[in-house]
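1. Need the 3D shape of this:
(chains A and B)
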Amino acid sequence: MKFGIFYEISVPRPWSAEREKQVFDNCLEQVQLADELGFDSVWCVEHHFLEEYSHCSAPEIFLTACAMKTKKMRVGHGIVICVPEFNHPIKIAERTATMDIISGGRLEVGTGRSATWNELGGFRANPDETKKTWDEFVRCLPKMWTQERFGYQGRSWSMPVRAIIPKPYQKPHPPMWVAVTSPGTEIDAAERGIGALGITFGTFKEQEEKVKVYHKIIKNCEPVGEFVNDKVSTVNFLFTHEDTEIGNKVGRRLLGTFNFLAAQLSAARELYPTKSYPSAGLLPALREQASNPGDEAGVPEGIAIGDPERVLRACKKWEECGVDRVNFLLNALETVPQEQVLNSLRVFAKYVMPHFKEGGVQAAAAGGGR
Amino acid sequence: MPLSGRMDVEAYAARVAREINGFKTDAWTLPKAQILNLHYEIDNDTISDLVPVTLHPSIPAWAVFHVTHYPESPVGPFSIAEVRIGSRAGVRPRGFVLRAYVDNDKAASELAARWGYPTVVGKVYLRGFHDRVVARVTTSDGKNALEMEMIDREAIAGSDIQYNSSMHLARNREDGKLVVVQLDPTWTFHKVERGKAHIVALDSEAWGAGKLLRADYPISATFATCDVTLTKIRYVCDPTVDAFKGTTAVAA
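-> Prediction:
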């Protein structure tokens, strides 16, 4: 199993110029250390208008900075929004190809569609349409990356034949993923031969079942890309410390702060009734998580919080569930001081990572790479 | 941390709050209700003044315009129109009721005494047409408090719709103190439609909100036929502190 780090980039009020900069600087310092410690990848979201929760509205810029600060880590969109009001597909193809070149072939392309009214309403996107536009985008992107010239007459967008340049550094193209938050999206991923980027914080049992279904279906997939990416990632929190009490206490604060913050946002389903959003996605899952009493230390099942021994047990359980990579969220609202975040990464690398034979860097892309 | 409400609850209560007769009311089951529900974005600069510190205003700022006709109830048929401000009690989504117009004197009194609902008597009109559903609320002195409609009716499933619990200010008759009462109705849907939301007219002052309430941007509209149960009161909150600190369970 591999380990990555995952960013929402959460900035507490009041939003002074210095505070915004400090949060971004802290994130980049963490990324640099994680690269040195052997974490495999860094991922970041694309979110807009999510006050305090996520100021990561230009992930391609942040990930480019990450690529410049690191030598080995892969850099991943987790995810880029495949809705035309947010991102034109040509721009996605061009930007990702450029990032892949600049990072020396270290890009992973997660795709998705947004699940909040904050964002969908802000861009005046129709919630009924997002699943359809996502599907159209993921079928087009590999062709835009690989064909010398590309033209398209589609449902949500069209273009006459043009050369979309540059082309990605990785051949045939970077690995593709989709964020799995709504029930059934893991099936969408499997049918299209792309990786499942599990953003949902589910229980072991739920996740194990999803992984089984995913692997069964992907065997007979119709790949949208030039190769099949049959990997499953999940997202988790990480705070660990040699002192059990500190590990639990600070970790619970991180978990509570993040969940409280996420709950303040307006899920698309809450405000706009549509079949396109059968669940409210991440936000209610997080509220559920927040109300879970957890174990005797007050830490919910499967969360990588506490002393290294407890974190190791949680990670081993995820490995048994068939998860290929865990991406860790390290902070929320800067509730964990930067020195403690950095120490937590070091403690994880020292005590937990060695127990996973593939816990270090895997420079080649899954199925891709030069 | 997220913004908190900063409503002057004493001043607001003086305008709209009713007395609640303790917290031990029985449930009411109200069959075949018709509900026109509009979600609309409202002014982000004023929303914090429209909810008590108990709650966190929604991001972005939005309100629910909720008009219901109950053809059957223990006090006969009645219609009620509410404006609820989108908010969170801790991590739970809630709508804070500014005021409720009711077209039946007995229903207005019972809803206030049993659940502390901030009722006032007025005219409430709700009617469906083939192209739209229209609701209109008129104050007792003839002012147009609200006119709204759902345009282009389209059938959807009951499972597609989500109503949140509501909360409102009331004064407890037993000790004279202000409380925020949570109301957790249950809904069994028979028929649901959605359409485009359109607010034709809105008088902020008629809802006790001074000049602070402004409908800015339409989100969605639904029209449902359902059975509603107004359940026993489960929780009340202290209107002067955050819900995490000031929530009391009052019924098993």
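
2. use CA for all of it now, contacts and neighbours both
-> Fine.

3. who's in contact with the longest helix belonging to chain B?
-> In chain B, ranked by residue count with DSSP state H as the criterion, the top helix is helix B:105-115. Residues from elsewhere that reach helix B:105-115, judged by C-alpha atoms under 8 Å, 6 or more residues apart in numbering or on different chains: B:18-25, B:75-76, B:78, B:102, B:117-121, B:181, B:183, B:233.

4. In it, which residues are buried?
-> Neighbour counts using 16 or more other C-alpha atoms under 10 Å in any protein chain shown place B:Ala107, B:Ala108, B:Ser109, B:Glu110, B:Leu111, B:Ala112, B:Ala113, B:Arg114, B:Trp115 of helix B:105-115 among the buried residues.

5. Just the closest of these to chain A, please.
-> B:Trp115 (24.9 Å; C-alpha to the nearest C-alpha).

6. What parts of chain B come near chain A?
-> With C-alpha under 8 Å from any C-alpha of the partner chain as the criterion, chain B comes near chain A at residues B:1-2, B:39, B:56, B:58-60, B:87-88, B:90-93, B:156, B:160-163, B:194, B:219-220.

7. Let me know whether A:Arg113 touches A:Glu85 as I believe.
-> No. At 10.7 Å, A:Arg113 does not count as touching A:Glu85 under the criterion of C-alpha atoms under 8 Å.

8. thinking again about what came up before, just the ones of the residues of chain B next to chain A in strands?
-> Counting by DSSP state E, the residues of chain B next to chain A place B:His39, B:His56, B:Ser87, B:Arg88, B:Arg92, B:Pro93, B:Ile156, B:Arg194, B:Ile219, B:Ser220 in strands.

9. Turn the buried ones among the residues of chain B next to chain A into a named ChimeraX selection, would you?
-> Of these, the buried ones can be selected in ChimeraX as follows, counting by 16+ other C-alpha under 10 Å:
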select /B:2,39,56,58,59,60,87,88,90,91,92,93,156,160,161,163,194,219,220
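
10. Just want the angle from the helix or strand containing B:Val120 to helix B:105-115.
-> Here B:Val120, judged by DSSP states H and E, is contained in strand B:119-128. Counting by axes from the mean of the first three to the mean of the last three C-alpha atoms, to 10 degrees, strand B:119-128 lies at 120 degrees to helix B:105-115.

11. Which positions within strand B:119-128 qualify as buried?
-> Result for strand B:119-128 [16+ other C-alpha under 10 Å]: buried residues B:Thr119, B:Val120, B:Val121, B:Gly122, B:Lys123, B:Val124, B:Tyr125, B:Leu126.

12. is the residue nearest to the third one when sequence neighbours are not counted in a bridge, and if so with what?
-> If I follow you right, that is B:Val121. Leaving out its chain neighbours, the residue that sits closest to B:Val121 by C-alpha to C-alpha, 6 or more residues apart in numbering or on different chains is B:Val102, at 5.0 Å. With DSSP bridges applied, B:Val102 shows beta-bridge pairing to B:Ile80, B:Val121.

13. Tell me the first helix or strand C-terminal of the host helix or strand of A:Asp25.
-> Secondary structure assigned from DSSP H and E places A:Asp25 in helix A:17-37. Moving toward the C-terminus from helix A:17-37, the next helix or strand (DSSP H and E) is strand A:41-44.

14. List the neighbouring strands of that following strand plus their orientation.
-> So strand A:41-44, judged by DSSP bridges, has these partners: strand A:2-7 (parallel), strand A:74-81 (parallel).

15. Throw these into a markdown table and include mean pLDDT, thanks.
-> Below are those laid out as a markdown table (pLDDT from 0 to 100):
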| stretch | mean pLDDT |
| --- | --- |
| strand A:2-7 | 97 |
| strand A:74-81 | 97 |
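
16. The stretch 101-250 of chain A against chain B: which residues are in contact?
-> Counting by C-alpha under 8 Å from any C-alpha, the stretch 101-250 of chain A comes close to chain B at A:Asn118, A:Gly121.

17. do the same with the stretch 251-370 of chain A
-> Counting by C-alpha under 8 Å from any C-alpha, the stretch 251-370 of chain A sits next to chain B at A:259-261, A:263-266, A:269-275, A:278, A:287, A:333.

18. Would you list the buried entries among those residues?
-> Buried by 16+ other C-alpha under 10 Å: A:259-261, A:263-266, A:269-274, A:287, A:333, out of those.

19. Show me where chain A dips below the pLDDT cut-off.
-> Scanning chain A for pLDDT under 70 picks out A:199-202, A:279-294, A:357-370.

20. Next, name the residue at the spatial heart of it.
-> For chain A, the residue nearest the mean C-alpha position is A:Gly78 (3.3 Å; C-alpha atoms, centre = their mean).

21. That residue: what's it in contact with?
-> Residues in contact with A:Gly78 (C-alpha under 8 Å, 6+ apart) are A:Trp43, A:Cys44, A:Val45, A:Glu46, A:Val109, A:Gly110, A:Thr111, A:Ala179, A:Leu197.

22. can you put those residues in TSV and add neighbour count?
-> Converted to TSV, the contacts of A:Gly78 look like this (neighbours: other C-alpha atoms under 10 Å in any protein chain shown):
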residue	neighbour count
A:Trp43	27
A:Cys44	25
A:Val45	25
A:Glu46	22
A:Val109	21
A:Gly110	26
A:Thr111	28
A:Ala179	24
A:Leu197	28
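
23. between those residues, which is nearest chain B?
-> For the contacts of A:Gly78, the nearest to chain B is A:Glu46 (17.6 Å; C-alpha to the nearest C-alpha).

24. Count the neighbours of the closest residue to B:Ala251 other than its chain neighbours for me.
-> Here the nearest residue to B:Ala251 in space, its sequence neighbours aside, is B:Arg234; by C-alpha to C-alpha, 6+ apart that works out to 5.0 Å. Residues lying near B:Arg234 (other C-alpha atoms under 10 Å in any protein chain shown) number 16.

25. Just confirm B:Arg234 contacts B:Ala249, I think it does.
-> Yes. Under the criterion of C-alpha under 8 Å, B:Arg234 makes contact with B:Ala249 at 5.7 Å.

26. that older thread, okay, the residue nearest to B:Ala251 and A:Ala263: tell me how far apart.
-> According to C-alpha to C-alpha, to the nearest Å, B:Arg234 and A:Ala263 sit 22 Å apart.

27. quick one: the helices in the stretch 51-200 of chain A?
-> Secondary structure of the stretch 51-200 of chain A (DSSP state H, counting those that start in this stretch): helices at A:59-69, A:89-102, A:117-122, A:130-146, A:185-192.

28. out of those helices, deepest packed?
-> Burial of these is given as mean neighbour count (mean count of other C-alpha atoms under 10 Å in any protein chain shown); helix A:185-192 ranks first at a mean of 23.

29. before we move on, back to that, of all pairs in the contacts of A:Gly78, which one is the farthest apart?
-> Distance extremes for the contacts of A:Gly78: the farthest pair is A:Glu46 and A:Leu197 at 13.9 Å, using C-alpha to C-alpha.

30. What are the boundaries of the strands in the stretch 201-350 of chain A?
-> Taking DSSP state E, counting those that start in this stretch as the criterion, the stretch 201-350 of chain A carries its strands at A:232-240, A:304-306, A:325-329.

31. elements contacting the longest one?
-> Strand A:232-240 sits against strand A:195-198, helix A:244-263, strand A:304-306, strand A:325-329, helix A:338-347, with contacts defined as 3 or more C-alpha pairs under 8 Å, 6 or more residues apart in numbering or on different chains; DSSP states H and E.

32. Could you give the separation of it from the chain centroid?
-> Here the centre of strand A:232-240 is set off from its chain's centre by 10 Å, with C-alpha atoms, centre = their mean, to the nearest Å.
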